[in-house]
Every structure is written in C-alpha cells, then in structure tokens.
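In: Below are the sequence and a predicted model for it; my questions follow.
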Amino acid sequence: MDPQEVDVLWQTVQRQSFDDNKLAIIREALREASIPADDARRFVASMTFDRNRIELAKYMYTRVADRQNFYRVYEALQYQSSIKEVQQYVDAYRP
C-alpha cells in the first residue's frame, strides 16, 4: 500500500468506535496488500482491548512489508505476556 492509501485507511479506522469494526476494515483493506511495520504498530495501538491488539498483531505479521522490522509492532502491546504470545506466533510461523 502506498502512503496515501495507508493514510486513507487510518482515517477510516479512526472514525470507528468499536474494535470489531476496526478489525474488519483493516482485514479487508490488507487482504491483498502490505504495509510498513511502523504503520502496523500504529493500527495495533489503535485497538482498545489487549486481546484485539494481540489478534491484529498476529494478523499483521504476514502483511508487514518489512518483516525485519516487525519487532516495532511489539511497542503497541501493553503487557509482556502479550508480546510473548505474539512472539511465539511469529516463531511458529517462520520456517
């Protein structure tokens, strides 16, 4: 996704009140696209509940264009246990 498309997606997500709506929009938008890790972090941080942050972080792993920078997404997670859960997912996903 080019930066302008990411900005439009961000604006759309920000207008949503509920995490479920945000997740649905992000998933639809990124079904066939990827974004930079820093943008992924921003979207994960926009979730209200930690379980949704974890879910979105896992989903984002395969949609981050610069996977070597995926560690930046961990900054959006509030708890060490959440980071560990996503790290375990990422480790299991890698060949």
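Out: Structure received.
In: For the helix ranked longest in the chain, what is the distance to the chain centroid?
Out: In the chain, with assignment by DSSP state H, the single longest helix is helix 80-93. With C-alpha atoms, centre = their mean, to the nearest Å as the basis, helix 80-93 stands 14 Å off its chain's centre.
In: Summarise which helices and strands that helix is packed against.
Out: helix 50-61 (3 or more C-beta pairs under 8 Å, 6 or more residues apart in numbering; DSSP states H and E). Quick note: C-beta positions are derived from backbone N, CA and C, even for glycine.
In: show me where pLDDT drops low in the chain?
Out: When residues are selected by pLDDT under 70, those of the chain lie in 95.
In: Now for E75: which residues touch it?
Out: Applying C-beta atoms under 8 Å, 6 or more residues apart in numbering, we find E75 in contact with R41, A45.
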